[in-house]
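Enquirer: turn this into a structure:
(chains A and B)
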2 protein chains.
Amino acid sequence: MNALVAQSGGPSPVINASLQGVIEGCRAYPGRIQTLYAAWHGIEGVLNEELIDLYAQDPEEIALLKHTPASGAIGTCRYKLTSEQDEDFDRIIEVFRAHDIGYFFYIGGNDSMDTAHKVSDLAHAKGLDVSCTGVPKTIDNDVGDPDFKFLDHTPGYGSTARYWAGIIRDTNEENRGMCPSECVSVLQAMGRKAGFIPAAARLADPSREMPLQIYMAEAHHTLESLHENVNRQLRATARCIVVVSEGFDVGELGEAHDGFGHIEYGASKTCAAQVVAGYLNDHGLAARGQATWQVPGVLQRSMSAHQSPVDRDEALAVGRHAVEVAMEQGTGFMATIVRAAGDTYRAEYGHAPLEKIANSFRPLPAAWITDDGIDVTDDFIRYAQPFVGEGMTAGGERFARIAPRFVDRRLATYIPMRCREMITVKPEAKTA
Amino acid sequence: MNALVAQSGGPSPVINASLQGVIEGCRAYPGRIQTLYAAWHGIEGVLNEELIDLYAQDPEEIALLKHTPASGAIGTCRYKLTSEQDEDFDRIIEVFRAHDIGYFFYIGGNDSMDTAHKVSDLAHAKGLDVSCTGVPKTIDNDVGDPDFKFLDHTPGYGSTARYWAGIIRDTNEENRGMCPSECVSVLQAMGRKAGFIPAAARLADPSREMPLQIYMAEAHHTLESLHENVNRQLRATARCIVVVSEGFDVGELGEAHDGFGHIEYGASKTCAAQVVAGYLNDHGLAARGQATWQVPGVLQRSMSAHQSPVDRDEALAVGRHAVEVAMEQGTGFMATIVRAAGDTYRAEYGHAPLEKIANSFRPLPAAWITDDGIDVTDDFIRYAQPFVGEGMTAGGERFARIAPRFVDRRLATYIPMRCREMITVKPEAKTA
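Expert: Take a look at the predicted model:
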């Protein structure tokens, strides 16, 4: 028999590490798996019978996979399969039969696990002996059980979280330095429904020294409450960093997240960060300067520079483990990452029935959101920090801190000419 | 006498390396410089008499400066000084006199060099013996002489160029992988008037394998010509990466770059990337999928992960050299980076009169833009690659390449159900 691997949905910075894991896993069973095919651009590649023999590829390229972000290696797709698409499902089974596919590995999120589950059921109904096994992947971390027991986190999230920890540290330097003129930095994070990605901004600053506010979809803030929170911060520190989920509810002011199918960054529409920055500027800031906005967009799921080594290793390991699951458990399971008991973080690998993952959704737990709804608790930090890795957080490298101790004044107070008609809020503290 | 250092304008990823260089340079003259002050938030700190004694700071923090991006260490400002602001200029001289400032180092772009020049002239007119010396800084690289003789490039540009080389390589993986549904990636680069920053996208792919188009302000493309170019690319490869300068002329469709003073990412207005993506989607794409947009914004001037080691070392060295210039040449010069003669890249340090830099503007040379106006020539690559550094370009690490060689088909052609009514352009080549 042969094996087949495919990817689905948006990529992650470590999705190819899982692909490499599946390849390595299959190689360990030369007696049971003759070769491993990749479907070119996900399930569309299966439907189009566009299969690539991965065993025939240069081993040097396979070894590079774990360092290659996004899904450019074998492609992915946004092709949705619903129960009504009988012809498509029949075609999949037909392609499996034609190429002696005995093992199917599907790397993806909850939609993909639903597809894998349906294919598994249908194949068996049609008398085809194929093991369908899921490999988890989503930067959103919104797949799994609410108790984090059978899926602690999804590969990909660690790297995207590391990206946010990194850019918020950088943005804090930017915002500190520019604050007389650009006092509020608004950054838009992915995660339309679940707040795990914006929450990771807190990993930039576990000791809570930055003037950082995080607006997760789960906290249900409004433009009005955000404006009030930001001005409270500005009165204290004259600057503020605001991370908004792309799913922040801007009410009538935006069409940002009606979405275009699955495309997060639809063209030409105003997005959440723009609406937020515009609202702040239009409604008055309690400090000198303006709000600006940044939308890093898909860079947060495709960057290589911020790939978390822990996330990468786990993504590879869970891909490899999926082959074990297929061999030992048979069809209908997803390989999982489980947190080992004990104080020291260690990932273990398990499995869960695909039907428990299919179309599951896990929001950021309410218990991990602070009472004011603009931050996460220490429990979240303890949860996420280990797989984000060292070096990007306060525990690792840090930036220079020049203490703003002014030398004794020798002259009378002077108001610079251009400041005479501006709002001048003297920060109470500008030490973060 | 004491020395004073200040920063001005938007930051760069290595601006603090120049600050560290000035500190180290001053330390080498204990007989002539008693201490070095930093003005808190640029010239505003001078006007407000907010001075910090840098010699009294923890040496560990000073040593961290070169790795600390943006201007959070001592702050910067957008305070513009024009000839009419007599009171402000008088105040500056007064503060210099009160604190025995004999050396003034101003880290900034062309505006700042103009200010330093005016302060130098005024001080001497008032009989104050102060050496005013400029330290170049701007990610835009748009300061200097058109022949690149006395200023080869500005510190900061190398790191921002490296950021673009890095994210375009990542975006190529993203766009390759997602191309059935997200076929055009539009990224907006800083550089309202000069194309050096978008041009650096080419450093991601010196061998020109990616479907990359670069729209620099100097090339005067329109939405119509861009649309035509993109569709030509889509007919060939079914995907395209578009880098637009924030100064791309979107005509009536955008108010993106009217600017808010010096703020590049004004809130609530539609920006160039959005208009471009929207126009492409509204006017039809010659491939399946949609155009999406990303605006990394100020991250490109404040990120630490993409700091170029060459740029960092040069920024430090030019800061140190500025002290030599002040000691040996007297007032009224800017320290410069000059390219040593010969085939191997090597930076040397020189000086140029401030008046030659003040308010100078250097666009990307027309000779470095290709005839079609959507790419840069090999001469540009040879110019910029050395100070962007190794590792982020094709010469260094690379990503995995799985050859899309499909195994022989065993079944009749099938059109997936959801593709039956879509435009399906088969790419001629999808190998980049």
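Enquirer: which pLDDT value belongs to A:Met422?
Expert: The model reports A:Met422 with a pLDDT of 60.
Enquirer: where does A:Thr154 sit: helix, strand or coil?
Expert: Assigned by DSSP: H, G, I helix; E, B strand; the rest coil, the conformation of A:Thr154 is coil.
Enquirer: ok, how many other residues are close to A:Leu122?
Expert: By the criterion of other C-beta atoms under 10 Å in any protein chain shown, A:Leu122 has 17 neighbours. (Each C-beta comes from the backbone N, C-alpha and C, glycine too.)
Enquirer: an error on my part: the question was meant for A:His124.
Expert: Around A:His124 there are 14 residues (other C-beta under 10 Å).
Enquirer: cool, and A:Ala322?
Expert: That count, for A:Ala322 with other C-beta under 10 Å as the rule, works out to 30.
Enquirer: in the helix or strand encompassing it, what counts as buried?
Expert: Per DSSP states H and E: A:Ala322 is located in helix A:309-329. Buried residues in helix A:309-329, counted by 16 or more other C-beta atoms under 10 Å in any protein chain shown: A:310-327.
Enquirer: cool, and stretch A:142-162?
Expert: Result for stretch A:142-162 [16+ other C-beta under 10 Å]: buried residues A:142-144, A:150-162.
Enquirer: secondary structure class of the nearest residue to A:Ala217 once chain neighbours are set aside, three-state.
Expert: Leaving aside its chain neighbours, A:Ala217 sits nearest to A:Gly247 (4.0 Å; criterion: C-beta to C-beta, 6 or more residues apart in numbering or on different chains). Using three-state DSSP, the three-state assignment for A:Gly247 comes out as coil.
Enquirer: ok, A:Gly247 - contacts?
Expert: A:Gly191, A:Arg192, A:Lys193, A:Ala217, A:His257, A:Ala272 (C-beta atoms under 8 Å, 6 or more residues apart in numbering or on different chains).
Enquirer: neighbour-wise, which one of those leads?
Expert: Neighbour counts for these peak at A:Gly191, which has 28 neighbours (criterion: other C-beta under 10 Å).
Enquirer: ok, that residue to chain B distance?
Expert: 16 Å (C-beta to the nearest C-beta, to the nearest Å).
Enquirer: just to check, that residue is in contact with A:Ala200?
Expert: No. In this structure, A:Gly191 is not within contact of A:Ala200 by C-beta atoms under 8 Å, at 9.4 Å.
Enquirer: could you pull out the helices for the stretch 151-300 of chain A?
Expert: A:157-178, A:196-199, A:223-237, A:272-283, A:299-302 (DSSP state H, counting those that start in this stretch).
Enquirer: weakest of the ones you listed by average pLDDT?
Expert: Among the helices of the stretch 151-300 of chain A, helix A:272-283 scores lowest, with a mean of 91.
Enquirer: how about that one: buried residues?
Expert: A:Ala272, A:Ala273, A:Gln274, A:Val275, A:Val276, A:Ala277, A:Gly278, A:Tyr279, A:Leu280, A:Asn281.
Enquirer: quick one: list the elements packing against that helix.
Expert: Identification of packing neighbours for helix A:272-283 by 3 or more C-beta pairs under 8 Å, 6 or more residues apart in numbering or on different chains; DSSP states H and E yields strand A:182-189, helix A:223-237, strand A:240-245, strand A:290-294.
Enquirer: now do it against helix B:272-283, angle only.
Expert: Interaxial angle of helix A:272-283 relative to helix B:272-283 (axes from the mean of the first three to the mean of the last three C-alpha atoms, to 10 degrees): 120 degrees.
Enquirer: for stretch A:42-54, buried residues please.
Expert: A:Gly42, A:Ile43, A:Glu44, A:Gly45, A:Val46, A:Leu47, A:Asn48, A:Glu49, A:Glu50, A:Leu51, A:Ile52, A:Leu54.
Enquirer: quick one: contacts for the first one?
Expert: Applying C-beta under 8 Å, 6+ apart to A:Gly42 gives the contacts A:Ala6, A:Gln7, A:Ser8, A:Gly75, A:Thr76, A:Cys77, A:Tyr79.
Enquirer: those residues also near chain B: which ones?
Expert: A:Gln7, A:Gly75, A:Thr76, A:Cys77, A:Tyr79 (C-beta under 8 Å from any C-beta of the partner chain).
Enquirer: specify the beta-bridge partners of the residue nearest to the third one when sequence neighbours are not counted.
Expert: Counting by C-beta to C-beta, 6+ apart, A:Gln7 is the residue found nearest to A:Thr76 once chain neighbours are left out, at 4.4 Å. Legend: beta-bridge partners of A:Gln7 under DSSP bridges are A:Ile107.
Enquirer: residue contacts, A:Gln7?
Expert: Neighbours of A:Gln7 in contact, by C-beta under 8 Å, 6+ apart: A:Ile15, A:Leu19, A:Gly42, A:Ser71, A:Ile74, A:Gly75, A:Thr76, A:Tyr106, A:Ile107, A:Gly108, A:Lys137, B:Gly177.
Enquirer: look up how far A:Phe387 lies from it.
Expert: Distance of A:Gln7 to A:Phe387, computed by C-beta to C-beta, to the nearest Å: 21 Å.
Enquirer: want to throw the contacts of A:Gln7 into a markdown table with distance to A:Asp375?
Expert: What follows is the contacts of A:Gln7, written out as a markdown table (distance: C-beta to C-beta, whole Å):
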| residue | distance to A:Asp375 |
| --- | --- |
| A:Ile15 | 30 |
| A:Leu19 | 36 |
| A:Gly42 | 37 |
| A:Ser71 | 33 |
| A:Ile74 | 39 |
| A:Gly75 | 39 |
| A:Thr76 | 34 |
| A:Tyr106 | 36 |
| A:Ile107 | 33 |
| A:Gly108 | 31 |
| A:Lys137 | 28 |
| B:Gly177 | 34 |
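Enquirer: most neighbours, which of these?
Expert: Counting by other C-beta under 10 Å, top hit in these: A:Ile15 with 35 neighbours.
Enquirer: for the helix or strand harbouring A:Ile381, buried residues please.
Expert: Using DSSP H and E, A:Ile381 sits in helix A:378-388. Using 16+ other C-beta under 10 Å as the test for burial, helix A:378-388 gives A:Phe380, A:Ile381, A:Tyr383, A:Ala384, A:Gln385, A:Pro386, A:Phe387, A:Val388.
Enquirer: distance to A:Gly342 and pLDDT for those residues - can I get that in a markdown table?
Expert: Listed next are these as a markdown table, based on distance: C-beta to C-beta, whole Å; pLDDT from 0 to 100:
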| residue | distance to A:Gly342 | pLDDT |
| --- | --- | --- |
| A:Phe380 | 19 | 98 |
| A:Ile381 | 18 | 96 |
| A:Tyr383 | 15 | 97 |
| A:Ala384 | 18 | 97 |
| A:Gln385 | 16 | 94 |
| A:Pro386 | 12 | 96 |
| A:Phe387 | 16 | 95 |
| A:Val388 | 19 | 93 |
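Enquirer: regarding the residue nearest to the spatial centre of chain A, what is its secondary structure?
Expert: Central residue of chain A (C-alpha atoms, centre = their mean): A:Ile139, 2.5 Å from the mean position. Following three-state DSSP, the label given to A:Ile139 is coil.
Enquirer: okay, the residue nearest to it when sequence neighbours are not counted and A:His153: tell me how far apart.
Expert: Of all residues beyond its chain neighbours, the one nearest A:Ile139 is A:Thr160 (4.0 Å), with distances taken as C-beta to C-beta, 6+ apart. Separation of A:Thr160 from A:His153 (C-beta to C-beta): 11 Å.
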